[in-house]
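1. structure for this input, please:
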Amino acid sequence: MAERPAAARVDRRAFIRMLGAAGVAVGLAGTATLAGPMAGVAFAAEEGRTRAPHQPYLHGYNAAGLKSWTPDGDPYAKYFRSRVPLATRIAPFTATQAKPALASKAQVMNMSYDYDNAFFTAYRYNDQFARRLMRFWQYSDLYSSWHGMPVWGSSTSDPEHGLINLPNPAYTDAAHRNGVKSLAGWFWPRNGAFSAYLEQRPDGSFIVADKLIEMADYFGFDGYFINQEASVSQADATQLMAFLKYLRAKAPARFHLQWYDTITTGGQLQYQNQFNDVNAAWVQHDGRPVNHSVFVNYAWNASRVASSVATAKRLGMAAHDVVYLGTENEKYGFNPPYDPRLVFPEGGDAQTSWALFGTHMAWANNPDREDPDKQQNTFVRERRYWSGPNEDPTRTGRTEYVPWTDNGRPNDPDNHRKWDGVAHYIAERSVIGAFPFVTRFNTGHGRAFFLDGVQRSDREWNNAGSQDLLPTWQWWTASGGSGAPLSVDYDHTTAYDGGCSLLISGTLGPANPTTVRLFKTQLRVGGGESARLVFRTDRPGQQSGLELGLVFQDAPADFVWLPAGKTAASGWTTAGLPLTAYAGRTIAAIAVRVSADAAASYRLNLGELALLPAGTPAAPARPARFTVDQVHPNAAGNGAEVFLSWDFAAQGVWYYDIWRQRADGTPEPLGRVCDGVYYVKSLTRQGSEAGSTLSLVAVAPDGTRSAPATARVDWA
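-> Presented below is the predicted three-dimensional model:
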């Protein structure tokens, strides 16, 4: 699992060949083991927009950097914190699952790059729509990257990579909102002596281990993925074991430490390709816990799966807790040589948990990934990966897969018909367990930005941290008649708030009233709660044909339908739907349905779905101490980079919106973040104005906005 070069266009096979030409050893399972500095290997230009001169980016950490680390001494550290707490997931309820027979024991490690393979342009957010963003958090339990970052001040032509790279905090924000733990990456080999990381104080404590805990607390993530992918000395291996025992004992309860199936306790690189006594020692050793789980390397078979389960049982461990059998999708795409059905037998129970490596292949292997006009193929590939070849979690399952012998080369990797879909094996999860619940279906990127249904900016943007909770099922549709159901997708041309809305479209008539199941929930109605739909159709002033559907826990086979009524004469319609009649019942799923009396073209954009508590909402307090910290004008004097800060409210705020007040009084969106700092890459000066007024608005979990705080950027 070595990092790849910055140019994502260089595929893994080409990179391996390049490393071989440079004299770098290529390790087992097709991974490059970077045994030393890559002198003379030039890194190609990275994908994405040009970095602004002062734009914050993340870096890696070597031994010296870890030992001396402090937040104040770390360049840009305060711009890379996740402040979103880890959400609690609701209890499984099989009756509303897409596949009711699926159990929920198996956990999923989702390993993917989260800076789009960048080394020196590792941004939290940026001014580009064409970026990979996870839309399927409901099937993961752990999230990690592995690729590594150059240390601060490293050469761009011959970078020194750090042992530790932090997760992108925007991805941590999105992961946490969905109840997924976010892990930092640890990768060895690196420059220098490994023993430098294992230094102990006289009292027996480990300097770097203490710093790893401190960094996780400051940056807001949940543990580490340990990829020790090179042999070390016996002495270093013994000291590493002591280090990890110390880290495990001292780390907070939320921590998860996952070990990759690499070295033995003697320090030799030996992939086991199963869970056995060799790598089990990295979970428990001499009666003391070490790591929480093992990511087992990919070359397993039926006997190794059975042996892994037997080993866990013999050692008194729960296989679903400690054993994550790996599937390699980065190299093999939709057609891995090791059949996942050996882990998830048809009609049987999952044998272990599952580790997915390279889920970014849906984006990275799309030849048009950089073209903002050709992102649909990425979205389709992503749905096929998670929801199965039919892009429907109720109709998963491959049609062409034949197990094949691994020869180290991809074999028909883009053929989605050879992949069952993650939803074929893993039951969907949800965190929607309390009022309020509000979503605008914002995927975390856009070609424009909308507020209150009006386009207020035409700039492209991406920020995974601003992603809403997205539909649990993508897409579970059903027709109520003989016709095919309408299609469902995200629409980045129209939004109510953010960058997109949910589009339901096609020819609609009596033969195909269409139900779209959206969210798995556990919402106890006490009395006084309400729902709100904000939508627009191509039939202004007419009956919308839209209904909100509720499935209750005490009657999971039935829908209760609440009509949204007529559409407004123009623009967006807001429909309020009281829920008091259902007091004492628990909403287990939410859907919408569209219908029409006569067949005709139909188009409905759903801009907001909200389930709100009883009572009148209270606006958050106006943000305090909103300050312009730095302004860096460009040479022409018509724009600037701007650094902002304010007092972050840990409670009662969903996110903060930053706007510029235009001369005509309208807002120009500049950013959205759950944090107390923000970097504006490009504030454009309007004409010869002497100053620009910026507004900061706190938004509550129910969508209610605070009064704005203001600050001024002076151009003189």
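2. what about the strands in the stretch 1-150 of the chain?
-> Using DSSP state E, counting those that start in this stretch, the strands of the stretch 1-150 of the chain run over residues 108-111, 142-144.
3. let me know which of the ones you listed is tucked in deepest.
-> Highest mean neighbour count of those: strand 142-144, a mean of 28 (counted as mean count of other CB atoms under 10 Å). All C-beta atoms are positioned from the backbone trio N, CA, C, and that covers glycine.
4. neighbouring strands - and their directions - for it?
-> Take DSSP bridges as the rule and strand 142-144 pairs in its sheet with strand 108-111 (parallel), strand 181-188 (parallel).
5. work out the gap between the helix or strand following it and the centre of the chain.
-> Scanning forward in sequence from strand 142-144, with DSSP states H and E defining helices and strands, the next element found is strand 164-165. How far strand 164-165 lies from its chain's middle: 18 Å, per CA atoms, centre = their mean, to the nearest Å.
6. what ranges do the helices span in the stretch 1-150 of the chain?
-> 12-21, 63-67 (DSSP state H, counting those that start in this stretch).
7. could I get the buried residue list for stretch 508-525?
-> Of the residues in stretch 508-525, those with enough neighbours to count as buried (16 or more other CB atoms under 10 Å) are 508-509, 512-523, 525.
8. just the CA atoms of that stretch, as CSV, please.
-> Extracted C-alpha coordinates of stretch 508-525, given in CSV (Å, rounded to 0.1, in the frame of the first residue of the first chain):
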residue,chain,number,x,y,z
LEU,A,508,-45.1,10.0,-15.2
GLY,A,509,-48.7,8.7,-15.4
PRO,A,510,-51.2,6.3,-14.0
ALA,A,511,-49.0,3.3,-15.0
ASN,A,512,-46.0,4.3,-12.9
PRO,A,513,-46.6,6.2,-9.6
THR,A,514,-43.0,6.1,-8.3
THR,A,515,-41.9,5.6,-4.7
VAL,A,516,-38.3,6.6,-3.8
ARG,A,517,-37.2,5.3,-0.4
LEU,A,518,-34.7,7.8,1.0
PHE,A,519,-33.7,7.4,4.7
LYS,A,520,-33.6,4.8,7.4
THR,A,521,-34.6,6.4,10.7
GLN,A,522,-35.5,5.8,14.3
LEU,A,523,-37.6,8.9,15.1
ARG,A,524,-39.9,8.7,18.1
VAL,A,525,-42.8,11.1,17.6
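9. starting at the chain centroid, how far to it?
-> Relative to its parent chain, stretch 508-525 has a centroid offset of 25 Å by CA atoms, centre = their mean.
10. how about the helices in the stretch 151-300 of the chain?
-> Counting by DSSP H, counting those that start in this stretch, one finds helices in the stretch 151-300 of the chain at the ranges 169-177, 207-219, 234-250, 277-280.
11. on that earlier part again, mean pLDDT lowest for which of the helices of the stretch 1-150 of the chain?
-> Ranked on mean pLDDT, the bottom entry among the helices of the stretch 1-150 of the chain is helix 12-21, at a mean of 34.
12. pLDDT score assigned to residue 488?
-> Residue-level confidence at residue 488 comes out at 98, pLDDT.
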